[in-house]
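S.K.: mind looking at a prediction? Sequence and model below.
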Amino acid sequence: MALPPGESCAAWVAVHAIDFYNDVSTIWAVMSSDPYLNSFRPGEGFPSGVEYRWSDGASGEAMSVSAPVYIEKVLGWIADQINDETKFPDDDDETEALRVFQTPQFAALCGQIFRRLFRVYGIIYSSFFGTLEALDMAPHLNSCFKHFMYFCTEFGLLPEREIEPLEVLVKPIRKKYYAAKQGAVTAPGR
């Protein structure tokens, strides 16, 4: 989780953004053929009272979408971002990659990616946890989410207002994270 010595923080976040996207995409792929997805109405979501809206940019107007459609839109948008070499350059040219990764635009883009991935986790936990549990995938979901939250906490990637709806899940994860950090600081020989 911690930044390895000599590694660029921005590059480290970039690599993990891709990894976390792959984790969520894999989990969602399991759900994508579930007929239950058709039962969601546009706009309804988690937490109660939250409306999912998406703008494809063409008209500039955000339209109300269902939670599953929102997830599909988010995952498609993230895939477009990470596959755009002007935004996520290949590290074959390390100098160019680091130049891009260290821009304010890249930091803002990663902020959007991590916030949107967190929202997808929120939808999955609130609407699909039972299905994933029945498929014996709940431990995988929990492990991916814990890793995601440790990383976001380590690098301050999620505003507190984003976390509030999942506070019941996030609080124990953060507590373990901070205890582990404290233990690493006070461990003998350090």
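M.R.: Yep, it's here. Numbers count the residues shown, from 1 in each chain.
S.K.: ok, and the closest non-adjacent residue to residue 73?
M.R.: Counting by CB to CB, 6 or more residues apart in numbering, residue 73 lies nearest to residue 54, which is 4.6 Å off, once chain neighbours are set aside. Where you see a C-beta, it was placed from the backbone N, CA and C, and this is true even at glycine.
S.K.: check that neighbour and give its pLDDT.
M.R.: Listed pLDDT for residue 54 reads 87.
S.K.: in contact with it, which residues?
M.R.: With contact set as CB atoms under 8 Å, 6 or more residues apart in numbering, residue 54 has these partners: 62-63, 65, 69-70, 73.
S.K.: farthest pair in these?
M.R.: Using CB to CB, the pair of those lying farthest apart is 62 and 69, separated by 12.6 Å.
S.K.: in contact with the spatially most central residue of the chain, which residues?
M.R.: Nearest residue to the geometric centre of the chain (CA atoms, centre = their mean): residue 117, 2.6 Å. Taking CB under 8 Å, 6+ apart, we find residue 117 in contact with 20-21, 24, 74, 78, 148.
S.K.: what would those look like in JSON lines with secondary structure and neighbour count?
M.R.: Formatted as JSON lines, these follow (DSSP: H, G, I helix; E, B strand; the rest coil; neighbours: other CB atoms under 10 Å):
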{"residue": "20", "secondary structure": "helix", "neighbour count": "23"}
{"residue": "21", "secondary structure": "helix", "neighbour count": "21"}
{"residue": "24", "secondary structure": "helix", "neighbour count": "24"}
{"residue": "74", "secondary structure": "helix", "neighbour count": "23"}
{"residue": "78", "secondary structure": "helix", "neighbour count": "22"}
{"residue": "148", "secondary structure": "helix", "neighbour count": "22"}
